[in-house]
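Asker: Next come a sequence and a model predicted from it.
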Amino acid sequence: RRAILKLWSHPKAGPEEGIASVKIVLSRKGFDSASGGVASPILPDGSLLSLPIPDPAGTVPLAELRPRGVDIGQVVHDLTGGGVSAGTRVHLDPDLEESSVRRLDGWRPAFGQYSSAQGHLERHEVGAGDLFLFFGWFRQIELVGGRYRYVARAPDLHVLFGWLEVGEVLKAEALRTAPPWLHRHPHLDGTTRPRNCIYVAPSRGTHTKGGAGAFARYSDDLRLTAAESATRSVWRLPAWFLPGEHRPP
């Protein structure tokens, strides 16, 4: 997709040119059929709003979230028929937008992983300079009579909604001495998590603008789902994603 290529300052760079290769990790996040039960919304003005999954142990209630000034609590209440309310606590991860909640000085975007998911990243040696691309399940909504609802026959789509370039990886001792601005991150909630780890964005991106962020509005450049597909899980990707002799799927 063009959106992926637009993130890079030197998209053709590779080991053969004397520049270290960069790993791209596609990571599905936000509401799904098991957590939340509905699609994240594409707002009437085209804004993308990824909904963090409900979590009783979450450190942030939905009512406190105001990404780009949007009242996320009302949106979720309407779309779930009250099944998820403004008082529901959520797992705000990845945490990409400074405007989402009140921040302490020094805040930087961050993303946590643990258990088998973190083990997979470790086996592939994902670290500083590599890039996470976050995607989720999205669908167009509309505002009718003061309430939000999904547009009839609007397709279910997998859409890229954000990115995080890895600046540093915090594990074990580093997590025990994490800076104050990170203390509300859900992977520092006191729960014992095997292989617990937090990927923190750099203060200034090396390969991407800002090092991390959320795509503000939907465009076809961000759409992963193939236009001719009857299911959101069938994608159209650039040819360079195709596995080869030295490139496993």
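Answerer: Received it, and whenever you're ready, just let me know what you need. Numbers count the residues shown, from 1 in each chain.

Asker: Got phi/psi on residue 120?
Answerer: Note on residue 120: backbone dihedrals following degrees, to the nearest 10 are phi -60, psi -40.

Asker: so residue 121 makes contact with residue 25?
Answerer: Yes: if you go by CB atoms under 8 Å, residue 121 and residue 25 touch, sitting 7.0 Å apart. For every residue, glycine as well, the C-beta is placed using N, CA and C.

Asker: Have a look at the two and say which one is more surrounded.
Answerer: Taking other CB atoms under 10 Å, residue 121 and residue 25 do not tie; residue 121 has more neighbours (22 against 18).

Asker: Check whether the more buried one sits in a helix, strand or coil.
Answerer: Put simply, residue 121 is helix when judged by DSSP: H, G, I helix; E, B strand; the rest coil.

Asker: what's the closest non-adjacent residue to it?
Answerer: residue 113 (6.2 Å; CB to CB, 6 or more residues apart in numbering).

Asker: and what of residue 139?
Answerer: In space, residue 139 is closest to residue 39, 3.8 Å off (CB to CB, 6+ apart).

Asker: residue contacts, that neighbour?
Answerer: By CB atoms under 8 Å, 6 or more residues apart in numbering, the residues touching residue 39 are 31, 137, 138, 139, 150, 156.

Asker: swap the cut-off to 10 Å and go again
Answerer: Counting by CB atoms under 10 Å, 6 or more residues apart in numbering, residue 39 touches 30-33, 51, 79, 136-141, 150, 154-157, 159, 232.

Asker: residue ranges for the helices of this structure, please.
Answerer: Using DSSP state H, the helices of the chain run over 2-6, 72-79, 115-123, 172-176.

Asker: Put together a markdown table for those, with distance to residue 228 on each row.
Answerer: Output for these, formatted as a markdown table (distance: least, CB to CB, whole Å):
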| stretch | distance to residue 228 |
| --- | --- |
| helix 2-6 | 19 |
| helix 72-79 | 27 |
| helix 115-123 | 31 |
| helix 172-176 | 45 |
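
Asker: With respect to residue 101, which of those helices lies nearest?
Answerer: Checking the helices of the chain against residue 101 by CB to CB gives helix 72-79 as the closest, at 10.6 Å.

Asker: contacting residues around that closest one?
Answerer: So helix 72-79 is contacted by 31, 36-41, 43, 49-52, 54, 61-66, 71, 82-88, 90, 100, 139, 141, 143-144, 146-150 (CB under 10 Å, 6+ apart).

Asker: if I look at the residue nearest to residue 139, how far off is residue 203?
Answerer: Counting by CB to CB, to the nearest Å, the gap from residue 39 to residue 203 is 34 Å.

Asker: for residue 220, same thing?
Answerer: 32 Å.

Asker: quick one: common contacting residues for residue 121 and residue 25?
Answerer: With the criterion set as CB under 10 Å, 6+ apart, the overlap between the contacts of residue 121 and residue 25 is 113, 130, 132, 166, 199.

Asker: who's in contact with the last one?
Answerer: The neighbourhood of residue 199, defined by CB under 10 Å, 6+ apart, consists of 25, 94, 109-113, 118, 121, 126-128, 130, 132, 164-170, 187, 212.

Asker: show me where the protein has strands.
Answerer: Per DSSP state E, the chain carries strands over the ranges 24-28, 40-42, 60-61, 89-90, 110-113, 131-144, 147-150, 157-165, 168-171, 197-200, 212-214.
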